[in-house]
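Enquirer: quick one, what's the 3D model for this:
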Amino acid sequence: MHDLKNNVDCLDDLFPAVLKNKLLRKELTFPEGISYHYDKIKAYRCIRRNKDDFTPVGREDFRSNIEVSMSDGVVIKKKRGQKIDPNDISYYGTSLFQDRSKLKNAMKLPRPSQKICVGYVYEEGGPQLTNEGNGHINWWLYENVDLSNFVIEEETEKDINLSNIDIVEEI
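Expert: Next comes the predicted model:
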């Protein structure tokens, strides 16, 4: 495994171009406390899927806010009222949570067009920073990360019942 802290030259083979270029130009640096070497961490992520869509989880489901909002290398849109700051490295990471219920709260789930996937954040996939207070994980993915350990969770009866209650309350 590469020691990124001491070897910036290896970045070109690891990170997506949008992050790699900013790091090489020293426009961004990783925050203090980031972990390059760590045990795998079970994590949950919200992904876009229609109710009947169980397409396997892939790299497209793990794009950072910057990757989602860019076109031809330029930030072109905001994410639902959220300002995307191309000079803040946290926008180049992928958000996950250690706790399923905290993810559901943060993302206001359930929603008809979103599902939860679960898998493991692991050091060969990229460095990460975990907020111990709320269990949020910011994972800076390497370009060719293998995400095959992430799978879509099936809805539980409790999720379905909560979803129905939310629909009734909205009417």
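Enquirer: now do the helix or strand that contains V118: which elements does it pack against?
Expert: Secondary structure from DSSP states H and E places V118 in strand 114-121. Secondary-structure packing of strand 114-121 (3 or more C-beta pairs under 8 Å, 6 or more residues apart in numbering; DSSP states H and E): strand 41-48, helix 100-107, strand 151-152. All C-beta spots, glycine's among them, are computed from the backbone N, C-alpha and C.
Enquirer: that one vs helix 100-107, what angle?
Expert: Put simply, strand 114-121 runs at 130 degrees to helix 100-107, going by axes from the mean of the first three to the mean of the last three C-alpha atoms, to 10 degrees.
Enquirer: need the strands for this structure, in chain order.
Expert: Using DSSP state E, the strands of the chain run over residues 41-48, 70-71, 74-75, 94-97, 114-121, 128-130, 136-139, 151-152.
Enquirer: mean pLDDT lowest for which of those?
Expert: When the strands of the chain are compared by mean pLDDT, strand 74-75 comes last with a mean of 56.
Enquirer: measure the one residue sitting closest to the centre of the chain to E154 for me?
Expert: Nearest to the mean C-alpha position of the chain, by C-alpha atoms, centre = their mean, lies T94 at 2.4 Å. To E154, T94 is 23 Å away according to C-beta to C-beta, to the nearest Å.
Enquirer: what's the answer for L103, then?
Expert: Distance from L103 to E154, by C-beta to C-beta: 16 Å.
Enquirer: compare the two (neighbour count), which wins?
Expert: Per other C-beta atoms under 10 Å, whichever of L103 and E154 has more neighbours is L103, with 21 against 9.
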